[in-house]
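after the sequence you'll find the predicted model.
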Amino acid sequence: MSFGTRSLPPLGPPPVRSSILSPKGLATALTVLLGVCAATRALMVVAGADRYAALDGVTDPDPSWALYSAVMGMTLLAMVPTAVVFIIWFHRVRVNAGVLAPEMFRRGAGWAIGVWFIPLVGPTLLAYGIAVRVWTVSASKSAPGGPASGSASMTPVAAWCATFGAAMLTSLATGRVAEARTSVLVGAASDLLYAVAALLAVVWVRRLSALQSRA
(Lines give C-alpha, C1' and ligand atoms only; values in the text may rest on other atoms or scores of the structure.)
Protein backbone atom coordinates (compact mmCIF):
# COMPACT_ATOMS: atom_id res chain seq x y z
CA MET A 1 0.00 0.00 0.00
CA SER A 2 1.49 3.28 -1.00
CA PHE A 3 0.84 6.64 0.47
CA GLY A 4 0.81 9.83 -1.53
CA THR A 5 3.06 12.64 -0.44
CA ARG A 6 2.02 16.25 -0.06
CA SER A 7 4.48 19.03 -0.71
CA LEU A 8 4.85 21.29 2.29
CA PRO A 9 5.15 25.06 1.95
CA PRO A 10 8.71 26.35 2.21
CA LEU A 11 9.89 27.40 5.63
CA GLY A 12 11.05 30.91 6.40
CA PRO A 13 9.66 34.41 6.43
CA PRO A 14 7.27 35.63 3.75
CA PRO A 15 8.75 37.50 0.79
CA VAL A 16 9.84 41.05 1.57
CA ARG A 17 7.56 42.47 -1.10
CA SER A 18 4.50 41.16 0.76
CA SER A 19 5.45 43.27 3.81
CA ILE A 20 5.54 46.54 1.86
CA LEU A 21 2.47 48.74 1.81
CA SER A 22 2.15 50.85 -1.31
CA PRO A 23 2.38 54.60 -0.63
CA LYS A 24 0.82 55.56 -3.99
CA GLY A 25 -2.66 56.22 -2.60
CA LEU A 26 -1.27 58.57 0.02
CA ALA A 27 0.94 60.17 -2.63
CA THR A 28 -2.11 60.89 -4.78
CA ALA A 29 -3.90 62.50 -1.84
CA LEU A 30 -0.79 64.51 -1.04
CA THR A 31 -0.50 65.73 -4.61
CA VAL A 32 -3.93 67.30 -4.30
CA LEU A 33 -3.40 68.67 -0.79
CA LEU A 34 0.03 70.10 -1.53
CA GLY A 35 -1.35 71.71 -4.67
CA VAL A 36 -4.03 73.40 -2.56
CA CYS A 37 -1.37 74.53 -0.08
CA ALA A 38 0.73 76.01 -2.89
CA ALA A 39 -2.33 77.84 -4.23
CA THR A 40 -3.27 79.30 -0.84
CA ARG A 41 0.31 80.42 -0.24
CA ALA A 42 0.33 82.11 -3.63
CA LEU A 43 -2.88 83.88 -2.63
CA MET A 44 -1.15 84.94 0.58
CA VAL A 45 1.56 86.61 -1.51
CA VAL A 46 -1.13 88.53 -3.42
CA ALA A 47 -2.94 89.45 -0.21
CA GLY A 48 0.37 90.51 1.32
CA ALA A 49 1.08 92.80 -1.60
CA ASP A 50 -2.38 94.35 -1.20
CA ARG A 51 -1.80 94.71 2.54
CA TYR A 52 1.53 96.42 1.90
CA ALA A 53 -0.18 98.88 -0.46
CA ALA A 54 -2.81 99.60 2.20
CA LEU A 55 -0.18 100.27 4.83
CA ASP A 56 1.52 102.58 2.37
CA GLY A 57 -1.71 104.52 1.96
CA VAL A 58 -2.32 103.46 -1.64
CA THR A 59 -5.47 101.39 -1.02
CA ASP A 60 -8.25 101.22 1.57
CA PRO A 61 -6.95 99.37 4.67
CA ASP A 62 -10.26 97.75 5.70
CA PRO A 63 -10.89 95.58 2.58
CA SER A 64 -7.18 94.80 2.49
CA TRP A 65 -7.18 93.47 6.05
CA ALA A 66 -10.37 91.48 5.40
CA LEU A 67 -8.79 89.85 2.34
CA TYR A 68 -5.57 89.09 4.22
CA SER A 69 -7.47 87.52 7.14
CA ALA A 70 -9.68 85.42 4.85
CA VAL A 71 -6.77 84.05 2.86
CA MET A 72 -4.82 83.34 6.05
CA GLY A 73 -7.76 81.28 7.31
CA MET A 74 -7.85 79.34 4.04
CA THR A 75 -4.12 78.69 4.33
CA LEU A 76 -4.43 77.30 7.85
CA LEU A 77 -7.36 75.08 6.82
CA ALA A 78 -5.27 73.66 3.98
CA MET A 79 -2.18 73.14 6.15
CA VAL A 80 -3.75 70.91 8.82
CA PRO A 81 -4.94 67.97 6.67
CA THR A 82 -1.83 68.26 4.48
CA ALA A 83 0.47 67.97 7.50
CA VAL A 84 -1.44 64.94 8.82
CA VAL A 85 -1.40 63.07 5.51
CA PHE A 86 2.25 64.01 4.86
CA ILE A 87 3.38 62.60 8.22
CA ILE A 88 1.40 59.39 7.59
CA TRP A 89 2.99 59.08 4.14
CA PHE A 90 6.48 59.81 5.50
CA HIS A 91 6.07 57.13 8.15
CA ARG A 92 4.78 54.68 5.54
CA VAL A 93 7.79 55.08 3.24
CA ARG A 94 10.16 54.88 6.22
CA VAL A 95 8.57 51.60 7.35
CA ASN A 96 8.84 50.23 3.82
CA ALA A 97 12.50 51.22 3.59
CA GLY A 98 13.13 49.52 6.93
CA VAL A 99 11.69 46.30 5.52
CA LEU A 100 13.87 46.56 2.40
CA ALA A 101 17.12 47.43 4.19
CA PRO A 102 16.88 47.49 7.99
CA GLU A 103 20.65 47.87 8.31
CA MET A 104 20.39 51.41 6.90
CA PHE A 105 18.57 52.76 9.94
CA ARG A 106 19.83 53.15 13.49
CA ARG A 107 16.61 54.58 14.90
CA GLY A 108 13.09 53.22 14.79
CA ALA A 109 10.42 54.16 12.27
CA GLY A 110 8.67 56.22 14.94
CA TRP A 111 11.24 58.94 14.36
CA ALA A 112 9.59 59.56 10.98
CA ILE A 113 6.71 60.97 13.04
CA GLY A 114 8.62 62.43 15.97
CA VAL A 115 10.99 64.66 13.99
CA TRP A 116 8.12 66.89 12.86
CA PHE A 117 7.50 67.91 16.47
CA ILE A 118 11.09 68.99 17.15
CA PRO A 119 11.39 72.75 16.53
CA LEU A 120 13.31 73.90 13.46
CA VAL A 121 15.93 71.13 13.12
CA GLY A 122 13.32 68.35 13.19
CA PRO A 123 11.37 69.22 10.03
CA THR A 124 14.56 70.18 8.20
CA LEU A 125 17.85 68.46 9.06
CA LEU A 126 16.47 65.40 10.86
CA ALA A 127 13.70 64.86 8.32
CA TYR A 128 16.22 65.31 5.51
CA GLY A 129 18.48 62.64 7.02
CA ILE A 130 15.61 60.15 7.12
CA ALA A 131 14.43 61.12 3.64
CA VAL A 132 17.89 60.61 2.14
CA ARG A 133 18.19 57.10 3.59
CA VAL A 134 14.68 56.17 2.49
CA TRP A 135 15.36 57.51 -1.01
CA THR A 136 18.71 55.67 -1.25
CA VAL A 137 17.19 52.36 -0.18
CA SER A 138 14.16 52.73 -2.43
CA ALA A 139 16.24 53.70 -5.47
CA SER A 140 18.68 50.82 -5.01
CA LYS A 141 15.97 48.21 -4.52
CA SER A 142 13.92 49.40 -7.48
CA ALA A 143 16.90 49.40 -9.89
CA PRO A 144 17.11 46.30 -12.12
CA GLY A 145 20.81 45.84 -11.41
CA GLY A 146 20.55 46.12 -7.64
CA PRO A 147 22.23 48.64 -5.33
CA ALA A 148 24.91 49.62 -7.80
CA SER A 149 22.25 50.73 -10.25
CA GLY A 150 20.19 52.78 -7.81
CA SER A 151 21.31 56.16 -9.03
CA ALA A 152 18.04 58.14 -8.92
CA SER A 153 19.02 61.73 -8.20
CA MET A 154 18.27 63.03 -4.72
CA THR A 155 17.97 66.60 -6.03
CA PRO A 156 14.18 66.74 -5.37
CA VAL A 157 14.74 65.86 -1.70
CA ALA A 158 17.56 68.37 -1.24
CA ALA A 159 15.69 71.13 -3.09
CA TRP A 160 12.57 70.61 -0.98
CA CYS A 161 14.49 70.57 2.29
CA ALA A 162 16.46 73.74 1.45
CA THR A 163 13.34 75.64 0.34
CA PHE A 164 11.23 74.46 3.27
CA GLY A 165 13.98 75.38 5.72
CA ALA A 166 14.36 78.82 4.16
CA ALA A 167 10.58 79.33 4.38
CA MET A 168 10.57 78.41 8.08
CA LEU A 169 13.45 80.79 8.87
CA THR A 170 11.82 83.61 6.91
CA SER A 171 8.53 82.99 8.70
CA LEU A 172 10.28 83.22 12.07
CA ALA A 173 11.92 86.46 11.00
CA THR A 174 8.51 87.98 10.19
CA GLY A 175 7.57 88.17 13.86
CA ARG A 176 10.84 89.86 14.76
CA VAL A 177 10.44 92.78 12.38
CA ALA A 178 9.02 95.81 14.15
CA GLU A 179 8.08 97.91 11.12
CA ALA A 180 4.69 96.77 9.77
CA ARG A 181 5.36 97.17 6.05
CA THR A 182 8.69 95.35 6.25
CA SER A 183 7.03 92.58 8.24
CA VAL A 184 4.41 92.17 5.49
CA LEU A 185 7.14 91.97 2.84
CA VAL A 186 9.08 89.34 4.79
CA GLY A 187 5.84 87.41 5.31
CA ALA A 188 5.12 87.50 1.58
CA ALA A 189 8.62 86.16 0.89
CA SER A 190 7.97 83.35 3.37
CA ASP A 191 4.65 82.51 1.69
CA LEU A 192 6.32 82.41 -1.72
CA LEU A 193 8.98 80.02 -0.41
CA TYR A 194 6.30 77.82 1.16
CA ALA A 195 4.46 77.71 -2.17
CA VAL A 196 7.63 76.61 -3.98
CA ALA A 197 8.39 74.07 -1.23
CA ALA A 198 4.90 72.57 -1.62
CA LEU A 199 5.41 72.11 -5.36
CA LEU A 200 8.85 70.56 -4.80
CA ALA A 201 7.31 68.25 -2.21
CA VAL A 202 4.88 67.01 -4.86
CA VAL A 203 7.83 66.04 -7.05
CA TRP A 204 9.75 64.03 -4.48
CA VAL A 205 6.64 62.49 -2.89
CA ARG A 206 5.54 61.11 -6.25
CA ARG A 207 9.03 59.99 -7.31
CA LEU A 208 9.77 58.26 -4.01
CA SER A 209 6.37 56.58 -4.01
CA ALA A 210 7.02 55.34 -7.55
CA LEU A 211 10.43 53.99 -6.54
CA GLN A 212 8.93 52.01 -3.66
CA SER A 213 6.15 50.68 -5.85
CA ARG A 214 8.81 49.17 -8.13
CA ALA A 215 10.96 47.84 -5.26
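Here it is on my side, so go on. Keep in mind that what you see is a predicted model, and the values were worked out from it rather than measured.

for the rest of this, base every contact and every neighbour count on C-alpha atoms.
Will do.

neighbours of residue 26, how many?
18 (other CA atoms under 10 Å).

residues contacting it?
85, 89 (CA atoms under 8 Å, 6 or more residues apart in numbering).

equivalent analysis for residue 45, please.
188-189, 191-192.

residue 190 too?
166-168, 170-171.

again, but for residue 72
residue 44 are the contacts of residue 72 under CA under 8 Å, 6+ apart.

check which helix or strand covers it.
helix 61-100 (DSSP states H and E).

related to what we said a few turns ago, by neighbour count, which of the contacts of residue 190 wins?
Most surrounded of those: other CA under 10 Å gives residue 167, at 22 neighbours.

which helices and strands sit right next to the one helix or strand that one maps to?
Element membership of residue 167, judged by DSSP H and E, is helix 155-174. When contacts are defined as 3 or more CA pairs under 8 Å, 6 or more residues apart in numbering; DSSP states H and E, helix 155-174 sits against helix 127-142, helix 180-214.

list the buried residues of the last one.
Put plainly, it is helix 180-214. 181, 183-202, 204-213 (16 or more other CA atoms under 10 Å).

and for the shortest one?
Along helix 127-142, the positions that meet the burial threshold by neighbour count (16+ other CA under 10 Å) are 127-128, 130-131, 133-142.

chain center to it: distance?
14 Å (CA atoms, centre = their mean, to the nearest Å).

which strands and helices lie in contact with it?
Right, helix 127-142 is packed against helix 61-100, helix 155-174, helix 180-214 by 3+ CA pairs under 8 Å, 6+ apart.

okay, angle between that helix and helix 61-100 too, please.
Angle, helix 127-142 to helix 61-100, by axes from the mean of the first three to the mean of the last three CA atoms, to 10 degrees: 50 degrees.
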